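Asks: After the sequence you'll find the predicted model.
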Amino acid sequence: MSGISAGFGAAFGTPITGAVFGMEMAALGKLKYEALVPCLIASFTAHYVSTVAWGVVHEEFVIKTVPEFSVSLFLKVILISVIFSFISVLYCQLRHGIQKVSEKYLKKNHMLRAFVGGIIIVALTLIVGSQDYNGRSIELLEKSFSENIPYFAFLAKLIFTAITLGTGFVGGEAIPLFIIGATFGNTLSHIIDLPMSFLAALGMIAVFCGGANTPIAAFLLGVELFKGEGIEYFFVACVVSFIFSGHHGLWPSQTIYEPKSRLYSIADGETINATEKKKNTP
């Protein structure tokens, strides 16, 4: 847990979020408070070593305009956050689905899985005619806050990442969720009359929250990344995305100690993977 906190705090320049993320992601519905001190120390130490000792400069994202408070705006944020939660579920299901299919039909031959996955990614890259969806795609994330990008960018990044990780390539999943959410927010700005940077920021945080099942850490991430701008909207977006994403997530081994709703009958200590298997059992 301390390692998770250190990695998150150093990677994104958000030490407070890193400390809470390490405690929150270990178990859905239960914060590991006994890990507070080690996670806090690990996150802040990693953050300051990376920035002060190594001179790492983290990307900055700016919300150019935060809409004025209104009831209609809050209703829009709630509706949009529901959609963001569905995007997070789509990514998680596709990513794990590709992994299961590739393992089944390629007999868990990891070299063959990687070869087939690599060929598919190369083919898709040639079809799209751009390498914007390969690698970390940080430039695409930055553009989402300030300029128009292709309407299909979020879907392309979602598919590229799901295939890459689903066929055995190992990599982080937080940044892809940031990009999927921000690019989808950029696309929504052409449909919904709200500022582009505001929707990109909202999507970035809400989609991550739905996939990671960490509403407190996601909310704090929005506070740290955007200097407290639009704090009330991020809180609502995280709560809504967390609830509507259901018991799905990036990590099938994530343990559920409290279901998101009393409508679910889930035993304490059951994993997300076990819960999904029960759903698929006739």
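Replies: Arrived safely.
Asks: Name the helix or strand for the residue most central in space within the chain, please.
Replies: The centre of the chain sits closest to Phe208, judged by C-alpha atoms, centre = their mean, with a distance of 2.4 Å. If you go by DSSP states H and E, Phe208 is part of helix 196-212.
Asks: Give me the contacts around the next helix or strand after that helix.
Replies: Next helix or strand after helix 196-212 toward the C-terminus (DSSP H and E): helix 215-225. Contact with helix 215-225 is made by 12-14, 16-17, 20-21, 24-25, 31, 61, 201, 205-206, 208-209, 212, 230-231, 234-235, 237-239, 241-242, as judged by C-beta atoms under 8 Å, 6 or more residues apart in numbering. Where C-beta positions appear, they are placed from N, C-alpha and C, glycine not excepted.
Asks: Equivalent analysis for stretch 44-52, please.
Replies: Stretch 44-52 is contacted from outside by 5-7, 9-10, 13-15, 18-19, 56-58, using C-beta under 8 Å, 6+ apart.
Asks: Distance of Phe160 relative to Leu79?
Replies: Per C-beta to C-beta, to the nearest Å, Phe160 is found 28 Å from Leu79.
Asks: who has more neighbours, these two?
Replies: For Phe160 versus Leu79, neighbours defined as other C-beta atoms under 10 Å are more numerous around Phe160 (21 against 12).
Asks: Whichever helix or strand that one is part of: how far from the chain's middle?
Replies: Using DSSP H and E, Phe160 maps to helix 153-166. Remark: helix 153-166 is offset 13 Å from the chain centroid, using C-alpha atoms, centre = their mean, to the nearest Å.
Asks: Point out the other helices and strands that that helix packs with.
Replies: For helix 153-166, the elements it packs on are helix 71-105, helix 110-128, helix 174-188, judged by 3 or more C-beta pairs under 8 Å, 6 or more residues apart in numbering; DSSP states H and E.
Asks: hey, which of the ones you listed is tucked in deepest?
Replies: Per-stretch averages of neighbours, counted by mean count of other C-beta atoms under 10 Å, single out helix 174-188 among these, with a mean of 26.
Asks: what's the average pLDDT for that helix?
Replies: Averaged over helix 174-188, pLDDT sits at 95.
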